[in-house]
Every structure is written in structure tokens, then in C-alpha cells.
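Chemist: build me a model from this:
(chains A and B)
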Number of protein chains: 2
Amino acid sequence: MRYTNLARFGLGLVGLAVVAIGAALLAKTAAAEDAGDVAQEARKNFEPLPEHPAEKPASPDQVSLGRMLFFDPRISDDGTGSCVRCHQPALYGADALPKSLGLHDKRLARNAPTVLNMPLQFKVHWDGLFDTVEAQATKALLGAGFGNADHAAAVVRLKAIPGYARLFSKAFPGEADPITAENWGRAIGAYERTLVTPSRFDEFLRGKKEALSQTEQNGLRTFMDRGCIQCHSGVGIGGDAFEKFGVVEDYWQQTHSQEIDKGRFNITKANDDLYVFKVPTLRNVAMTPPYFHDGSVNSLADAVKIMGKVQLGTDLSPQEVDGIVAFLRALTGELPEEFAKAPLLPAAGFGAGAANAADDR
Amino acid sequence: MRYTNLARFGLGLVGLAVVAIGAALLAKTAAAEDAGDVAQEARKNFEPLPEHPAEKPASPDQVSLGRMLFFDPRISDDGTGSCVRCHQPALYGADALPKSLGLHDKRLARNAPTVLNMPLQFKVHWDGLFDTVEAQATKALLGAGFGNADHAAAVVRLKAIPGYARLFSKAFPGEADPITAENWGRAIGAYERTLVTPSRFDEFLRGKKEALSQTEQNGLRTFMDRGCIQCHSGVGIGGDAFEKFGVVEDYWQQTHSQEIDKGRFNITKANDDLYVFKVPTLRNVAMTPPYFHDGSVNSLADAVKIMGKVQLGTDLSPQEVDGIVAFLRALTGELPEEFAKAPLLPAAGFGAGAANAADDR
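Modeler: Next comes the predicted model:
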């Protein structure tokens, strides 16, 4: 901004042709230096995804098995539920529903967050119920999305698909009976930890200023100046803390939520946790409406406006909202190939029951 | 086989070292000529997939739109149903269920056949209810898999996703209001017509004898000699005729089906159509258990045995069954990239209703 006056000053001194060139040059310099400032400040608040992912916490065999299990509906009670049910590749790892729908028309309590970039976050679920994706996955076998009566029922289903026997043995070598619900969760987790989505913003943070347009950089500036980074920072641009939803004003006044969700309070019963939720990551936010823990808002612009009001107590101007939305769109990353593409599952059909065994394929 | 004696004859005439080489050479020639015979006979009964697909019946814009619509659950009544529900890429275009499960736990009448290679078939559905995939798709919007009350309801859902407006306009240029249920079906059909799966058997039919192992060739020979080709022939290895299931013996005596399905009779009420079904394509049959119109049998070997009994009135020997199964596995084709990989859908969440408009992304 401070270069703008200098650019104007130049106008009075030289002829029109020269001015045009000079102004353009100055404007360019100004933009570049401003981008430099923005980038510098951004680097204080955000981290790019590592260019070369750190050493894998799990073996490739676990990742590859986990990918199959993630897509396999046959481990659910009615043969239709899988992780993909709520985390669809075509919908950027979410399901576009306000609240997910489990088996037997059972509505889940909250909006399904995208599974992408989950490993960047400090807790799983809106209320932080789980510390790890592995724990969440293992428990999910018993939830509305899978509907198994108990883990033993899920294991029976796994064992009815002969092809999984050798895949579990390979992924968990040395275990006498590797087909367990815990190993199911470990494999799913190993796979999910690979699901990160590099975006243009990561390139920008690593020094490629032109990776973001001027509009997006302006939006980033607004995002930082207005205080959104108080919660949405770090490598996940969120996802690393709990925060009350509705700091200044009750959230439902703006979201028009039909139910009031007490958030983490339901777990801890601590007054400090009333209406407290995990701050969601904003990576891929433009691709995963509807918004908030209850999916009560469809439009990203509306969601930004509401955050200004209820978290910061401010009315963001339409220009500010547009800028922030432009910046948020630049957080849309590349879908991992191993997520976009379905794996091929060991063939086995669930016909007339155990007496009618499946082939080993 | 007729060369086997000749090979033995050579043994008495020359020394051992020479014999070893000579026998090997003769055996190779014998196998090659037998393969030649099998291939020659196979070419009389089957056709390979065209190496270069004929000119597309639809525009690339229709195919590309159809691919999105195929994967989009938001056009269904509860936001969870799509073509993928019963035709999953990870399960070779089927769903591994005996009978598919629609919305609200509504069980469908029959087993979902794979969507792959549907364009090679003369009718759609087990009872041949539809002449084209386009007609089937359009009607499916109102079936248990999508649950729309009427086509207008489906169109409302399509129009609530702003990104589809320009995609329909591009796919159906010149139409004033291109977002219709019929165009939805046309686009889906255009996409489905691209879903063919070249296999090793196609290479074999085009002259590459080594594309099938000797075991598989023997199985092919049995498949032809035993009369399976009376129904399963042509480019689809089935899929081009109706046939009674249970020519020699009532099918349910062998499948132990819990319900007796009258097949095409339910449509025509003609006695000749009692227990008559479309002959299914056998392409990818090894990857799409369970088997038959009611998914009553899990094992491909069992399915082959049952076909021998109820269609041909014969007890195939275990060796014959193994051979046929080996041949059938060679019909597993390559999954089309544009099917294995989910498309990215225009983002739009279905939040609190029409008043809460989605962004145009």
C-alpha cells in the first residue's frame, strides 16, 4: 500500500508515455514487494505441506490394504456402508450432506468433515472425541455408517472375503491372527495418513509468489489482518485447537441451526467446553460445502460472513468477504491419485450365507 | 491331441538326448496347432472388442457430464444414492450383494449386473425391461436406488447444483432448458457406452495365442464343446438373447433360491417367457459374484456346475469345471480409467433448503 503514493507522485514528473511505463513498473514492484510482505507474514502463521512427505509411519502393505478396506462396503452390516459412504472421492472426501446418513436411515450427529488432510489435525471428530484416525476408524465399525453389532461381527465379514487373509498377513507380519478390528483401524489409518492435498498456497508459502493471484493475496492479507489466523493457522490452516463457536454472539443466531449442539461439552461436561468444537482445517473448504458442524450453511461467502460476526464481532465488507473466499479457493489441493482412483477389491459375493462359501480370488 | 501319439512314436527311433529335444519341439507344435484350432473355432463363436472403438455415438461433453452424474449422489432423494451405489468401481461395476439395497432399506428385485460392457448387450435388466441404457437410467431416477418421487423432483435437485447449468448447456447445445431427466439419462448412457473392458481373451481372438495359458485354452475348448456357447457367444459372451433359466431342471433345485422369480413372464405374461432371463455377459464374471439373477450362489465354480446341470443336463467333471473357471477368469478385463477414477463434482452442499443458496463453483 505504501508504494501507491509513490506511484502517483511519479505521474506529475514525466511525460505520458514514460509515465505509463513507469507506473506499470512501479505498480509491478509495489505488487511484488507487497506480495513479499504478505508471503513473509504468511510464513509466520502458516506452514506448507512438506514437499517430500516424511518417512511413512506405516508400511506400504498397510497403506495398500487400508486403501482397499476404506472402499469396501462388505464390512458393513448391510453391505452398503464403507468409509467412502461419508468420504467420497468425487466430493473431495466429504458427502455434501448437512449431516451424514448412516445405515437404516440413521442420521449422524454432525457434518462429515473431509477425510483429506486429517493427519494434519490434532484430534478427530468435531468434538475431538478421538486422538487418532486409527481409533476413530476402529470405532466407526460400530457406528451408524457401518452398523456392526460388535467388532466380532465385523471380523466375521472380513474373514468371509478369502482374499483378505493374505493381505492382512502381509500387512501385519508375525501375527497369528491378523484379521482384527484393531488392525482394520490401523490399516485404514495408515492409508488416511497419506491423504494430503498440496495446493497453490503451499507453493506460495515456499516462495513462488505468482502461485497466488493479486486478488488471492489481498484475501490472504485480509484473512490475516482481520484475525482469522487466530484460529486458522499452521499447516492445516486450522485443525490444531479447540475453540468456542460463537465467541461474540451465539452461533445459531447467524447459522439458523435447528438444533443447538453443545459440542465438546457433551464429552467433558465442563462449562468451558460449552459450544466448543475443533477448529476445522480450511484446506479444500471451497469443495466441501455445506459448512459448520451441522452443515447449516451452503455458501462459503455466507460462512465467512458468519465467522466474522460470531467469532470476531465484525461485519466484514462484501469486498473483504470476496477476498477471503478467493484466498480460501486457493487452498483447494490436488486429490491424491490413490484416493481418486478406486482400488480393486478381492472378489467375493455375500450370497446365501456361510454354507455358500466364496471363491478365493 | 492327435499329435500326442506322433510324439510318442518318435521316442522309439532316436537317442535320448535327441528325443528330449524332438519331443519338446513336437509337443510345442502340437500345442500351437491345438491352440490354432481352438482359436479358429473360438473366432467362429466369439468376437473381440473392437481395438479402436467405433466413432462415439455421443459427444465428449455428454460423456464427461454423464460421468459426473453417474457418481453424483445429490440427485437422489436422500443424497446418498447414485449409479455408483449399485455399480461400484472397486467392485468391478457391481455391488457384491445378492440383491441391491436401495434408499430407505428397500431391497431391489434382482442382482445388480455390472455396468461394464452393458453397451454390448441387446437389452438392459435381467428381464429385458429396457431397450437402451438411456431408458434404464432415466427410469432409475424414480426407482429404489434414487427414490425421487418424480422426474421433476430430480430436476429440482440437478438445478440446485449451480455448476451443472453450463455443463448441461455444453452437452446439449441449442436446448433452451437442457436440464431434464431425459438428458440426464442421455448423458449417463453416453458415458456407459464407453465402459468396455478389453481382456486377454480379446487378444487371443485377435491372434495372440499366448494370451491364454494352456489351462485357459483347455477350458475354452470345454466351454465350446460342452455347449455353453449355445447361449454365451458373440462379443459379449452372452448378453444378446433371452433364455429360460432351467432348461432341463428347475433352477431353484440347484440354486436353492428362496424366491422363485418368473423372469420375463412378469412383463409379457406369455407362457414361453416363464423363467426366461437375459443371458448375462460373462465378461468380468470372476470379479462380480454373487451369481444369477438373485445372487443366490457365491462361487463361480458352483455357478458353472449349476449351469451344466440345469441348462445342459450334464454333470461337468471337477476338471471341466476348473477349466471353464480358468477360461472365465481370462475374461476379466481392464477397468476403464474414467470409471476407476472418480470425477470431481461441482461443489454444492444441500444445507437448510432453497433459501440457503449454494455457491456457483
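Chemist: measure the residue of the stretch 101-250 of chain A found nearest chain B to B:Asp105 for me?
Modeler: Going by Cβ to the nearest Cβ, chain B is nearest to A:Leu101 of the stretch 101-250 of chain A, at 5.3 Å. Backbone N, C-alpha and C define where each C-beta goes, glycine included. With distances taken as Cβ to Cβ, to the nearest Å, A:Leu101 is found 12 Å from B:Asp105.
Chemist: and these two? which has more neighbours close in?
Modeler: The residue with more neighbours, out of A:Leu101 and B:Asp105, is A:Leu101; 22 against 12, by other Cβ atoms under 10 Å in any protein chain shown.
Chemist: related to what we said a few turns ago, surely the residue of the stretch 101-250 of chain A closest to chain B meets B:Asp77?
Modeler: No: the criterion here is Cβ atoms under 8 Å, and A:Leu101 misses it with B:Asp77 at 10.8 Å.
Chemist: follow-up on the earlier one: need the contact list for the residue of the stretch 101-250 of chain A closest to chain B.
Modeler: By Cβ atoms under 8 Å, 6 or more residues apart in numbering or on different chains, the contact list for A:Leu101 reads A:107-108, B:78-80.
Chemist: kindly report the residues of the stretch 201-350 of chain A close to chain B.
Modeler: Contact residues, the stretch 201-350 of chain A versus chain B (Cβ under 8 Å from any Cβ of the partner chain): A:256, A:258, A:286-291, A:295-302, A:335, A:340-345, A:347-350.
Chemist: could you do the stretch 1-150 of chain A as well?
Modeler: Residues of the stretch 1-150 of chain A lying near chain B by Cβ under 8 Å from any Cβ: A:68, A:71-74, A:78-80, A:85, A:88-92, A:95-98, A:101, A:104-105.
Chemist: just the buried residues of those.
Modeler: Those of the residues of the stretch 1-150 of chain A next to chain B that meet the buried threshold are A:68, A:71-74, A:79-80, A:85, A:88-92, A:95-98, A:101, by 16 or more other Cβ atoms under 10 Å in any protein chain shown.
Chemist: the stretch 151-300 of chain A: strands as residue ranges?
Modeler: A:242-244, A:276-278 (DSSP state E, counting those that start in this stretch).
Chemist: got a markdown table for these, with mean neighbour count and distance to A:Asn117 too?
Modeler: Shown next, in a markdown table, are the strands of the stretch 151-300 of chain A (neighbours: other Cβ atoms under 10 Å in any protein chain shown; distance: least, Cβ to Cβ, whole Å):
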| stretch | mean neighbour count | distance to A:Asn117 |
| --- | --- | --- |
| strand A:242-244 | 18 | 18 |
| strand A:276-278 | 23 | 13 |
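Chemist: got JSON lines for the ones you listed, with mean pLDDT too?
Modeler: Shown next, in JSON lines, are these (pLDDT from 0 to 100):
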{"stretch": "strand A:242-244", "mean pLDDT": "98"}
{"stretch": "strand A:276-278", "mean pLDDT": "98"}
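Chemist: now these as a markdown table including distance to A:Pro113?
Modeler: Shown next, in a markdown table, are the strands of the stretch 151-300 of chain A (distance: least, Cβ to Cβ, whole Å):
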| stretch | distance to A:Pro113 |
| --- | --- |
| strand A:242-244 | 15 |
| strand A:276-278 | 9 |
